[in-house]
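J.: Model the following, please.
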Amino acid sequence: MKILVIGLWLALSILLFVSCSNDGTPTTGGTGDNPVTSEPVALTGILNHLAGPLGSPVSFSPEAVISDYKIIAQALGTKRIYVITTASDGSFEFTVPADDSYTFHILDEAYHYVAPIVMAEYDPDTSEVPEAVEVDTNDVDLGNIVVSGSDHVAVLAFDDQIVIDSTMIATAINGIPVGAGDQGTSTGGKTGSTLDQDGDGVIDIMDSDDDGDGILDEFDTNWHKEEALSTAVDGIGLFINFNNHLDSLGNLPSIPDDGLYIITIDVRIDSGYEDKIVDIVVAGPTYLDQFLIEPEGSLATNWETYNQKILLEDYCVAFSDKRYGAFLRGISTAHIWQVVSPGDVWLFEITYDDGGTEYTELLARKINFLFEETPSNVTINDSVWTQNRMTGLPDTVVIRWDIIASLPGMYYKVEGWPIVSGHEYGDMFQLAAGIDGDSVVFVFEDTVEAGDTIEGYSIDVVASNPNNDNAKTRGGHIAR
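T.: The predicted model follows:
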């Protein structure tokens, strides 16, 4: 999914986390320099469940409607996104600008990605399927849409003579988009549009591999893309930090605690809109209602109760540019991979006042990758790191870890602060792995300023993907 620009600025926001911190579903959206002014039309349909795989013709029970699912529509021309929730009878109705083409994708009631909607009846013999409908000045009824869980796709039950946009055609196998079953990690046919560049049937904002090169976006050096960003927003960082302080045997604790994981949200505002933001509200997975928020360095109540999931302005005083964000701390119920999972979608509703008129736009961010391993086999000067505090070390310290072979391309580093007079001192540092890829060398300096001797280092051993997203850490203290 390439809707973000989270290069060095996101890495900085991640590093600054420690120093900075001791159903109203959105229905409008946007990208573009100006608000949409064309007359609105209605896009309607009914979402239905199919228990088995698709067949031709498609059969389903009219009583098997799906309520409380979210449907994301994205416009080809403006790249705006729109989100609506299906009613108790499975019906939905978008009010969108005319004279554009729209593609549709489905989230379940927990904001987890389900499937793309193919704009045609199911045909197992076709190798290409349409993924968008053209809308002129008339309302469009998509009729009954049938979701097949086993096929990971939704199709139109009947041909209601809708107008297909022939520029948005997805590569298919047996009539099903190649990206449907695995959220876009399949290599596409390179026949896509500006919304779905690899033509696999999964729009870029929902696609785990936008360009179809077989490399998950988080590990793809070419994945940064400004397409589909809001007018007012330069980038969104959604950083899931595994703060795993292992036990004396190097294992995860059997009982999770509040410090196990933290989610950092960082929304960077375009300089031309710094004084125009009204608020940024986050909608998404149900677990968001349970997270605790840390305003101004203190732990508050859960985010929903605190301020209805509105991001905090200047949430981190270390940033010089305009940011909105939040530090969210996990709850004592489960490890992070039992709460958060790939396929979860977060929606950002950005409201800003542009010259006395308020506009609201939507952005989406899907989680594509999640750690379930940690660099637990860590040695310090060839001694196994079996406790969080290691003392009596020589002036030169070598920290080494086992590479996680199942995750090629991982980035390993050590970050932390010097300890002076019993306290963390100065700016945070970061040391990348050495030439052999599995070690970092520390040299204890005599002083950091006149009279202050470094006694030790407060450190985190970190493994992350190349873009610093979804990092796992293990923390501790090393000293002379």
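J.: alpha carbons only for contacts and neighbour counts from here, please
T.: Noted.
J.: who's Ile399 bridged to?
T.: Listed beta-bridge partners, Ile399: Ile380, Val440 (assigned using DSSP bridges).
J.: Go ahead and confirm it touches Ile380.
T.: Yes - the pair Ile399 / Ile380 is scored as a contact, 4.6 Å apart, by C-alpha atoms under 8 Å.
J.: who touches both of those two?
T.: Taking C-alpha atoms under 8 Å, 6 or more residues apart in numbering as the contact criterion, no residue touches both Ile399 and Ile380.
J.: Can you show me the strands along the stretch 151-300 of the chain?
T.: With strands called from DSSP state E, counting those that start in this stretch, the stretch 151-300 of the chain shows them at 153-156, 169-173, 176-177, 233-243, 261-269, 277-283, 292-293.
J.: Deepest in the core, which of the ones you listed is it.
T.: The highest mean neighbour count among the strands of the stretch 151-300 of the chain, using mean count of other C-alpha atoms under 10 Å, belongs to strand 176-177: a mean of 30.
J.: According to the record, where do the domains of this structure fall?
T.: Domains of the chain are assigned by automatic domain parsing as 40-219, 232-353, 378-479.
J.: Quick one, grab the pLDDT at Thr37.
T.: For Thr37, the pLDDT comes out at 58.
J.: residues near Ser287, how many?
T.: Check again: residue 287 is Tyr, not Ser. For Tyr287, the count of nearby residues is 12 (other C-alpha atoms under 10 Å).
J.: likewise Asp207?
T.: Asp207: 31 neighbours (other C-alpha under 10 Å).
J.: what does the one 4 residues further on give?
T.: When neighbours are counted by other C-alpha under 10 Å, Asp211 registers 29.
J.: Spit out the contact partners of the residue nearest to Val384 when sequence neighbours are not counted.
T.: Excluding the flanking residues, the one nearest Val384 by C-alpha to C-alpha, 6 or more residues apart in numbering is Val378, at 6.1 Å. Counting by C-alpha under 8 Å, 6+ apart, Val378 touches Val384, Trp385, Ile399, Arg400, Trp401, Asp402.
J.: mind putting these in TSV, pLDDT, neighbour count and distance to Ala300 included?
T.: TSV is the format used below for the contacts of Val378 (pLDDT from 0 to 100; neighbours: other C-alpha atoms under 10 Å; distance: C-alpha to C-alpha, whole Å):
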residue	pLDDT	neighbour count	distance to Ala300
Val384	81	16	37
Trp385	78	22	34
Ile399	87	21	36
Arg400	85	24	37
Trp401	78	20	36
Asp402	73	14	37
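J.: Report the two of these separated the most.
T.: The most widely separated members of these are Trp385 and Asp402, with 12.2 Å between them, by C-alpha to C-alpha.
J.: Touching both of those two, which residues are there?
T.: With contacts defined as C-alpha under 8 Å, 6+ apart, the residues shared by Trp385 and Asp402 are Asn377, Val378.
J.: Worst mean pLDDT across the helices and strands of the chain, which element?
T.: For the chain, counting by mean pLDDT, DSSP states H and E, helix 8-20 ranks last in confidence among helices and strands (a mean of 36).
J.: circling back: could you measure from the residue nearest to Val384 over to Ala479?
T.: Taking C-alpha to C-alpha, to the nearest Å as the measure, Val378 falls 16 Å from Ala479.
J.: Check Val462 too.
T.: According to C-alpha to C-alpha, Val462 and Ala479 sit 19 Å apart.
J.: more neighbours, the two?
T.: Neighbour totals were compared for Val462 and Ala479, and Val462 leads with 22 against 19 (other C-alpha under 10 Å).
J.: Now that one: closest residue in space, sequence neighbours ignored.
T.: Distance criterion C-alpha to C-alpha, 6+ apart; nearest residue to Val462, sequence neighbours excluded, is Thr473 at 4.4 Å.
J.: Can you tell me the element the one you found falls in?
T.: Using DSSP states H and E, Thr473 maps to strand 472-479.
J.: Could I get the CA-only coordinates of that strand as PDB?
T.: The C-alpha coordinates for strand 472-479 follow below in PDB (Å, rounded to 0.1, in the frame of the first residue of the first chain):
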ATOM      1  CA  LYS A 472      10.400  -5.300  17.900                       C
ATOM      2  CA  THR A 473      12.600  -4.300  20.800                       C
ATOM      3  CA  ARG A 474      14.100  -5.800  23.900                       C
ATOM      4  CA  GLY A 475      15.300  -3.300  26.400                       C
ATOM      5  CA  GLY A 476      18.000  -3.300  29.100                       C
ATOM      6  CA  HIS A 477      20.900  -1.600  30.800                       C
ATOM      7  CA  ILE A 478      24.600  -2.200  30.300                       C
ATOM      8  CA  ALA A 479      27.300  -0.600  32.500                       C
END
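J.: and that strand, which strands flank it?
T.: When DSSP bridges is applied, strand 472-479 pairs with strand 233-243 (parallel), strand 389-390 (parallel), strand 454-464 (antiparallel).
J.: Make CSV out of the ones you listed and add distance to Asp344 and mean pLDDT.
T.: CSV is the format used below for the strands paired with strand 472-479 (distance: least, C-alpha to C-alpha, whole Å; pLDDT from 0 to 100):
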stretch, distance to Asp344, mean pLDDT
strand 233-243, 12, 74
strand 389-390, 36, 83
strand 454-464, 19, 83
